[in-house]
Structure formats: C-alpha cells, structure tokens
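J.: What follows is a predicted protein model with its sequence.
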Amino acid sequence: MVPVIALVGRPNVGKSTLFNRLTKSHDALVANYPGLTRDRKYGEGEFQGRRYMLIDTGGITGEEEGIDSAMAMQSMQAIEEADAVLLVVDSRDGLTPVDRRLAEEMRSNGRKVYLVANKIDGINPDVAMAEFFELGIPEVYPTTATHGRGVRQLMEAVLSPF
Ligand code: GDP
Ligand code: MG
C-alpha cells in the first residue's frame, strides 16, 4: 500500500515548495489510486526506498463564504483521501485563527496529523515552535522548505507507520 499524504494550510506558507521538494513526478497518474480525483495536485515521491503519494492543495484563507467554497472544499477532500496530513504553518506569522481551525478540523476527523512549522530560517526555532504546541498536535517539525532543512526528520516520522 502506498501511503497518501496531504499538504494543507493557509496560502503562502510553503506547501507547494515542500510538494516540489518531496515529489519527483509532479503530476502523478492517479489511475493507480482509486478514489482520488483530479482537482487537487498529486505527486509521487520516494524517501529512503519507501514510496508515497503527496497531495498539494491551494490553501485555506479563512475568508471563504462558508465551508463549501472551492479551495476549502478541496483541502477537506484531500484530508479525507489522506493517510496522514501535514498541516503547514508559517513560523514567521505565528499561530493564526485559520491554523487553529484546521487543527480542530483534523482532530474531529481523526487523521494522523503532523505540524510543519515552515520558514524557520532566520528565526529562533524553539521560540517559534512553542506557540504551535498550543494546537495540541504533539508532532511538530521545524522546516525550511526552500532549502530542505528539517525535511528528512519530518519524512522519517511521517513514513514510519507505513
Ligand atoms: P503555498 O501557497 O503554501 O503553496 O506556498 P509556496 O510554496 O508557493 O511558497 C510561498 C512563498 O514562500 C514562496 O515565495 C516561497 O519561496 C516562500 N517559502 C517557502 N518555504 C520557505 C521557507 O522555508 N523559508 C522562506 N524564507 N521562504 C519560503
Ligand atoms: Mg501552493
């Protein structure tokens, strides 16, 4: 079984940068993955000999008119399809109401979730991360998606159950 991993979070936090770093086939053929639809971006990747499928989403702004707006919907559908969810936040922005809402959404949904504290470059990771532990997600990984820092530790954790 190839695990499906979804990237969700606000726009501009670094989801697509992470997606591009973690996939070699950026537009994976989804025919082999029953149930997956094409309005989200799928990629295939491999880490330490283990294959996975990654889903990129457009992001949730928190300003949608209702939960059923297109971008929020596709993020929710990505969460439904995924075996594990990477909730990506921007360490420079700190915790926002949308991050809190998404964390709550995952909790009620019961998905295995990892908090990715991205854009940790140039700031103190301990200070930045302390705030994110408030979300009640025990797995918090600091990353710099643009340079790959922290990505190995993150993927080791995410793939270890599979
Ligand atoms: P998305 O909207 O969540 O998919 O975010 P993108 O991946 O498009 O990234 C938004 C912007 O943040 C781009 O200009 C990226 O180069 C930048 N970015 C992504 N990751 C990092 C990071 O770790 N550190 C810094 N400084 N910038 C980043
Ligand atoms: Mg993007």
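T.: Thanks, I have it. Numbers count the residues shown, from 1 in each chain. Ligands and ions are numbered 1, 2, ... in the order given.
J.: Quick check: residue 161 touching residue 112?
T.: Yes. Under the criterion of CB atoms under 8 Å, residue 161 lies in contact with residue 112, with a separation of 7.3 Å. For every residue, glycine as well, the C-beta is placed using N, CA and C.
J.: These two: who's more crowded?
T.: Between residue 161 and residue 112, residue 112 has the larger neighbour count (other CB atoms under 10 Å), namely 14 against 9.
J.: Can you get me a residue count around the closest residue to that one other than its chain neighbours?
T.: Distance criterion CB to CB, 6 or more residues apart in numbering; nearest residue to residue 112, sequence neighbours excluded, is residue 84 at 4.7 Å. Applying the criterion other CB under 10 Å, we find 19 residues in the vicinity of residue 84.
J.: List the contacts of residue 84.
T.: Going by CB atoms under 8 Å, 6 or more residues apart in numbering, residue 84 touches 3, 4, 5, 6, 111, 112, 113, 114, 158, 161.
J.: now for the residues you listed, which pair is the farthest apart?
T.: Across the contacts of residue 84, no pair lies farther apart than 6 and 161, at 15.3 Å, counting by CB to CB.
J.: Show me what counts as buried in the helix or strand of the chain with the lowest mean pLDDT.
T.: Lowest on mean pLDDT, DSSP states H and E among the helices and strands of the chain sits helix 70-81, with a mean of 80. Judged by neighbour count (16 or more other CB atoms under 10 Å), helix 70-81 contains these buried residues: 72, 73, 74, 75, 76, 77, 78, 79, 81.
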